[in-house]
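*Asks:* Okay, sequence plus prediction incoming.
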Amino acid sequence: MIRTSGLTKDYGARRAIENLTFEANQGEVVGFLGPNGAGKTTTMRILAGYMPPSFGTAQVAGFDVIEESIEVRRRVGYLPETVPLYPDMTVFDYLKFMADLRHLPNADEMVDNALELVQMEQRAEGYIANLSKGMRQRVGLAQALLHKPEVLILDEPTIGLDPAQVVEVRSIIRDIGKERTVLLSTHILSEAQQLCDRVLIINKGHIVAEDTPENLQARLVGAERSILRIKGDTEELMAQIAKIKGVQDIKTRPDGALEFQFAPGVDVRPEVAKTVIMSGYDLLELSPVGLSLEEIFLELTRDVASTKKEK
Amino acid sequence: MRNVWTIARREIRLYFASPIAYIVGLLILLITGIYFVLVVYLAGQSAFTTGSAPAPGPDLVIGLMVFLFLFAVPALSMRLMADEHRNGTLELLLTAPINEWELVVGKWLGSFLFVFMIILVTFIYPIVLNSLVTPGIDQGLMMANYLAITLVAAAFLAIGTAISSFFNNQFAAFFATIAALFFLWVVIGWPAVVMQGSGAIFDYLNMSKHFADMQAGTIALSDIVYYLSLTALGLFLGTTAVEIRRWK
């Protein structure tokens, strides 16, 4: 399990993460979701024992990351964002080297198991230099799984994989997450939804939300938005649509289309469509607006700011 | 110690797969080989014309080898740590359950064993020489020379390992190491010449001075201590550099 309290890291004058406090328990897959530069990698590096935090504490598998770094590293499997491989070694030799560094008693067998888990047995004797990006990612994953760690920390584990490999890697992670603690980072919302029991949304070094994917989804879809595009001038129509019960926050987008919002469960779209046709306009498009990750962050950061004010 | 050996073993294997290591090894053996043959041939000729001539000593190729090491060692040590950093594999090693010193000492040991193998190959010269001159070479002097070159190689490589730990770019590490070795081998002795009596400290710090003493056949404990301390200092600085990276 992982437990942090007030974790803060400064790179010179720049604060990468500030006051992160969270937990990840055994049998749980926790996702770190955030844009690039949010502080995901920094946090994971601290938890993996690569560097100490500037302030705050963290326990991983029951050991302190500063005081008992070696004990932590013994129990953690870590896959960094840039997969650390030696191109001049064969896949087997590379994993054997890592197994030796970890003093694994039956190293050859453990290496074979890890290779089987990521389905790379066929390429064991091949040089890493000759592997594709997806295969390298799998070798990196095998390295992290080699010693059957209590805690698995994976920084963007599915980046650079083709869709079929993504499915495979996700199923491996889900299996491991049943018994062990998995902390993974991603900037793909759907990945977090599929894999994680709990999601921590991190932005600019702060945790802005922490919940199950379902709850987060519900919170985010507090209001549905739609785009309406018609032929001709929208000004007159806009006033008419604004009158429809349930339509909120109507505005003209820079591209000329109208955008409006409505509460979930009160679908106003049939009424909007009727109004357009009845008023003699040509309806070109009426479609839902999906929230992009950027918007979710904006939404969430705004949420946090307003709740703070209320308090 | 187990971790040190694991790291060292990978390093040796890497040398045997790397073109630079082969080029450096071959150049050292080729240059010393040609030199040896030339000197022995000339000595033989003068012995033929004058009836007798002083035989070349067992220190014949050692002085040349040290000079070659000033350039060869930086070429062999430059990538030791710098490459790990550039590759991102330092992150792998620093999140493995090993200490920083084990990593640095393992790297150094790997490079040292490779250089030691080159030194062992050059053992062929005194053996050949021994069969050519009567009544054979001074074996004590030969051993002193080989002890000296081994200690110098250890110290050179420790300095190279330390400098490689400070750099991300192996070529920057290469030139910095050449500069550092040149400084410790040549420049540091200059004040002693100028200051005469009061420059003893610079004489003590001068790497080549200790080497010259041993090459002449006197093995003083202070010479051995000097080289071993320099090696330890290099490994300590290398470890510190890795720790600094971690905390930065």
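*Replies:* Thanks, I have the structure now.
*Asks:* Quick check: mean pLDDT of stretch B:205-225?
*Replies:* The average pLDDT within stretch B:205-225 is 89.
*Asks:* For chain B, which element, helix or strand, carries the lowest mean pLDDT?
*Replies:* helix B:190-195 (a mean of 78; mean pLDDT, DSSP states H and E).
*Asks:* Please name every helix or strand in contact with the helix or strand just after that helix.
*Replies:* Moving toward the C-terminus from helix B:190-195, the next helix or strand (DSSP states H and E) is helix B:200-205. Packing partners of helix B:200-205 (3 or more C-beta pairs under 8 Å, 6 or more residues apart in numbering or on different chains; DSSP states H and E): helix B:190-195. Where C-beta positions appear, they are placed from N, C-alpha and C, glycine not excepted.
*Asks:* and the helix it packs on, how far from the chain's centre?
*Replies:* 25 Å (C-alpha atoms, centre = their mean, to the nearest Å).
*Asks:* who does that helix touch, helix- and strand-wise?
*Replies:* helix B:200-205.
*Asks:* How many residues are close by B:Ala154?
*Replies:* By other C-beta atoms under 10 Å in any protein chain shown, the residues close to B:Ala154 number 23.
*Asks:* again, but for A:Leu284
*Replies:* For A:Leu284, the number of neighbouring residues by other C-beta under 10 Å comes to 12.
*Asks:* so it sits in a strand?
*Replies:* Yes: assessed by DSSP: H, G, I helix; E, B strand; the rest coil, A:Leu284 belongs to a strand.
*Asks:* Quick check: closest non-adjacent residue to it.
*Replies:* With sequence-adjacent residues excluded and distances taken as C-beta to C-beta, 6 or more residues apart in numbering or on different chains, A:Leu284 is closest to A:Arg229, at 4.4 Å.
*Asks:* residue contacts, that neighbour?
*Replies:* Neighbour list for A:Arg229: A:Gly256, A:Ala257, A:Leu258, A:Leu283, A:Leu284, A:Glu285, A:Leu286 [criterion: C-beta atoms under 8 Å, 6 or more residues apart in numbering or on different chains].
*Asks:* for chain A, which spans come out with low pLDDT?
*Replies:* Across chain A, the ranges flagged by pLDDT under 70 are A:217-223, A:264, A:290-311.
*Asks:* Closest residue of it to chain B?
*Replies:* Here the residue of chain A nearest chain B is A:Pro84; by C-beta to the nearest C-beta that distance is 3.7 Å.
*Asks:* what about that residue, how many neighbours?
*Replies:* Neighbour tally, A:Pro84, other C-beta under 10 Å: 22.
*Asks:* what about it, distance to A:Ile230?
*Replies:* Relative to A:Ile230, A:Pro84 is positioned 55 Å away (C-beta to C-beta, to the nearest Å).
*Asks:* quick one, helices of the chain?
*Replies:* Unless you meant another one, I'm taking chain A. Residue ranges of the helices in chain A, as given by DSSP state H, are A:40-47, A:69-75, A:91-101, A:107-117, A:133-145, A:163-177, A:189-195, A:213-220, A:235-243, A:269-278, A:293-310.
*Asks:* that's the wrong chain, I wanted chain B
*Replies:* Going by DSSP H, chain B shows helices at B:2-16, B:19-50, B:62-77, B:79-87, B:89-94, B:100-121, B:124-132, B:139-166, B:170-185, B:190-195, B:200-205, B:207-215, B:221-247.
*Asks:* need the contact list for the residue of chain B with the smallest separation from chain A.
*Replies:* Residue nearest to chain A within chain B (C-beta to the nearest C-beta): B:Leu92, separated by 3.7 Å. B:Leu92 makes contact with A:Pro80, A:Pro84, A:Met98, A:Gln143, according to C-beta under 8 Å, 6+ apart.
*Asks:* that older thread, just checking, the residue of chain A closest to chain B touches B:Thr89?
*Replies:* Yes: contact criterion C-beta atoms under 8 Å: A:Pro84 and B:Thr89 qualify, at 4.3 Å.
*Asks:* Mutual contacts of the two, please.
*Replies:* In terms of C-beta under 8 Å, 6+ apart, A:Pro84 and B:Thr89 are not both contacted by any residue.
*Asks:* before we move on, back to that, buried ones in the least confident helix or strand of chain B?
*Replies:* Neighbour-count burial for helix B:190-195 flags B:Ala192 (criterion: 16 or more other C-beta atoms under 10 Å in any protein chain shown).
*Asks:* I'd like to check what contacts that helix. Which residues are they?
*Replies:* Applying C-beta under 8 Å, 6+ apart, the external contacts of helix B:190-195 come out as B:Gly199, B:Ala200, B:Phe202, B:Asp203, B:Asn206.
*Asks:* can you tell me the average pLDDT over stretch B:158-170?
*Replies:* Mean predicted lDDT for stretch B:158-170 stands at 95.
*Asks:* List of residues touching that stretch?
*Replies:* Residues outside stretch B:158-170 that contact it (C-beta under 8 Å, 6+ apart): B:73-74, B:76-83, B:85-86, B:104, B:107-108, B:111, B:173, B:176-177, B:180-181, B:184, B:230-235, B:237-239, B:241-242, B:245.
*Asks:* How about stretch A:260-271?
*Replies:* Applying C-beta under 8 Å, 6+ apart, the contact partners of stretch A:260-271 are A:221-226, A:228, A:241, A:244-251, A:272, A:286.
*Asks:* Go through that stretch and flag the buried ones.
*Replies:* Residues A:Phe260, A:Gln261, A:Phe262, A:Val268, A:Arg269, A:Glu271 are the ones in stretch A:260-271 that count as buried (16+ other C-beta under 10 Å).
*Asks:* same check, this time on stretch A:181-201
*Replies:* A:181-189, A:191-196, A:198-201.
*Asks:* center of chain B - which residue?
*Replies:* Centroid-nearest residue in chain B, with C-alpha atoms, centre = their mean: B:Ala153, separated by 1.9 Å.
*Asks:* Contact partners for that residue?
*Replies:* Counted by C-beta under 8 Å, 6+ apart, B:Ala153 has contacts B:Phe69, B:Val73, B:Phe112, B:Val115, B:Phe116, B:Ile119.
*Asks:* Tell me how far it lies from B:Tyr204.
*Replies:* 21 Å.
*Asks:* hang on, the earlier thing: of the buried residues of stretch A:260-271, which pair is most distant in space?
*Replies:* Of all pairs drawn from the buried residues of stretch A:260-271, the greatest distance, 14.4 Å, lies between A:Gln261 and A:Glu271 (C-beta to C-beta).
*Asks:* Next one, pLDDT for B:Leu113 please.
*Replies:* On pLDDT, B:Leu113 comes in at 97.
*Asks:* can you pull the contacts of the residue nearest to it when sequence neighbours are not counted?
*Replies:* Leaving aside its chain neighbours, B:Leu113 sits nearest to B:Ile12 (5.7 Å; criterion: C-beta to C-beta, 6+ apart). Contacts for B:Ile12 (C-beta under 8 Å, 6+ apart) come out as B:Gly110, B:Leu113, B:Phe114.
*Asks:* and the first one, what does it touch?
*Replies:* The contact partners of B:Gly110, by C-beta under 8 Å, 6+ apart, come to B:Ile7, B:Ala8, B:Arg9, B:Arg10, B:Glu11, B:Ile12, B:Leu14, B:Tyr15, B:Leu80.
*Asks:* can I get the residues you listed in JSON lines with pLDDT?
*Replies:* Output for the contacts of B:Gly110, formatted as JSON lines (pLDDT from 0 to 100):
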{"residue": "B:Ile7", "pLDDT": "96"}
{"residue": "B:Ala8", "pLDDT": "96"}
{"residue": "B:Arg9", "pLDDT": "95"}
{"residue": "B:Arg10", "pLDDT": "95"}
{"residue": "B:Glu11", "pLDDT": "94"}
{"residue": "B:Ile12", "pLDDT": "94"}
{"residue": "B:Leu14", "pLDDT": "91"}
{"residue": "B:Tyr15", "pLDDT": "92"}
{"residue": "B:Leu80", "pLDDT": "93"}
